[in-house]
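**Student:** Take this sequence and fold it.
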Amino acid sequence: MIDTVCGGHHSLVMRVLAVDDEGPALDDLVFLLRADSRVGEVNGARDGAAALRALDRALAEDRPFDAVFLDVRMPGIDGIVLGRLLAQFATPPRLVYVTAHEEHAVHAFEVHAADYLLKPVRPERLSQALGRIASPGEPPPAQEAEAVAVELSGVTRFVQPGEVHYIEAQGDYARLHTPGGSHLVRIPLAVLEERWRGAGLVRIHRSHLVAVPHITELRLDSGRCTVLVAGVELPVSRRHVRELRDLLLRRRP
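**Tutor:** This is a model prediction of the structure:
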């Protein structure tokens, strides 16, 4: 990053590489990045090979990129492979995945990416991602939890985290239980846990997240702990009992 002085205040200006094989998506991302005052230079690449060439050239010129905004699905070297290659750099750039497919968000956590963005990219979410890159030592800003798209009788609707009573892991999928029924989404439970952490959904078991406001009972019987959520009894693993009990006590009026 380049340290500049404006009106007596220091600010960090980033060099960013945006990678997407779809021209319109790349143009939109470059436009949004250039509109942010924290970004001083943006380069674009249409595939993984072009991105690697740009990264090598930047290192040879001793002007490395501070961040790479990376699409996942690309021909040749896709975003997953490229992300793993970047992680092996001596000083890797900060990585932000940009994808239209929510299930790929898990790869962001596998390679310790700074963030992941869903297409179409919203300016406010891009700004938050840039904030994480510019101030990696600071806690991430509070984010509005994003809805999850579900298919219902051929119609796509969006489920807000506040609608969810509990979530059940089913392999690489998760089932959202809401007052209107359950919805199977191709998003791993760990991704939803991270994504909706600030929305009152907490882990109680390797297979379950629950919405704390919807817990009506905490039961302890012969060393076994369960909670009652929307009339359904769910197990609480031993490692989560104390944390959950303390959390429920703090919520009492």
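**Student:** need the contact list for Arg219.
**Tutor:** By C-beta atoms under 8 Å, 6 or more residues apart in numbering, the residues touching Arg219 are 225-228, 233. For every residue, glycine as well, the C-beta is placed using N, CA and C.
**Student:** switch the cut-off to 6 Å
**Tutor:** By C-beta atoms under 6 Å, 6 or more residues apart in numbering, the residues touching Arg219 are Thr226.
**Student:** In the stretch 151-253 of the chain, where is pLDDT below threshold?
**Tutor:** Within the stretch 151-253 of the chain, the stretches with pLDDT under 70 are 249-253.
**Student:** What segments of it are helices?
**Tutor:** Counting by DSSP state H, counting those that start in this stretch, one finds helices in the stretch 151-253 of the chain at the ranges 189-195, 238-250.
**Student:** which one of these is the most hemmed in?
**Tutor:** Of all those, helix 189-195 has the most neighbours on average by mean count of other C-beta atoms under 10 Å, namely a mean of 19.
**Student:** What average pLDDT does whichever strand or helix holds Leu117 get?
**Tutor:** For Leu117, the enclosing helix or strand under DSSP states H and E is strand 115-118. Taken as a whole, strand 115-118 has a mean pLDDT of 83.
**Student:** That one: partners in the sheet, and parallel or antiparallel?
**Tutor:** Strand 115-118 pairs in its sheet with strand 94-99 (parallel), by DSSP bridges.
**Student:** Mind pulling the model confidence for Arg15?
**Tutor:** 96.
**Student:** what about it, which SS state?
**Tutor:** Here Arg15 is recorded as strand under DSSP: H, G, I helix; E, B strand; the rest coil.
**Student:** Start at 258, not 1
**Tutor:** Sure, I'll start numbering at 258, so the last one becomes Arg272.
**Student:** Burial check on it, number of neighbours?
**Tutor:** Around Arg272 there are 18 other residues, counting by other C-beta atoms under 10 Å.
**Student:** ok, what's across the strand from it?
**Tutor:** Counting by DSSP bridges, Arg272 forms beta bridges with Glu298.
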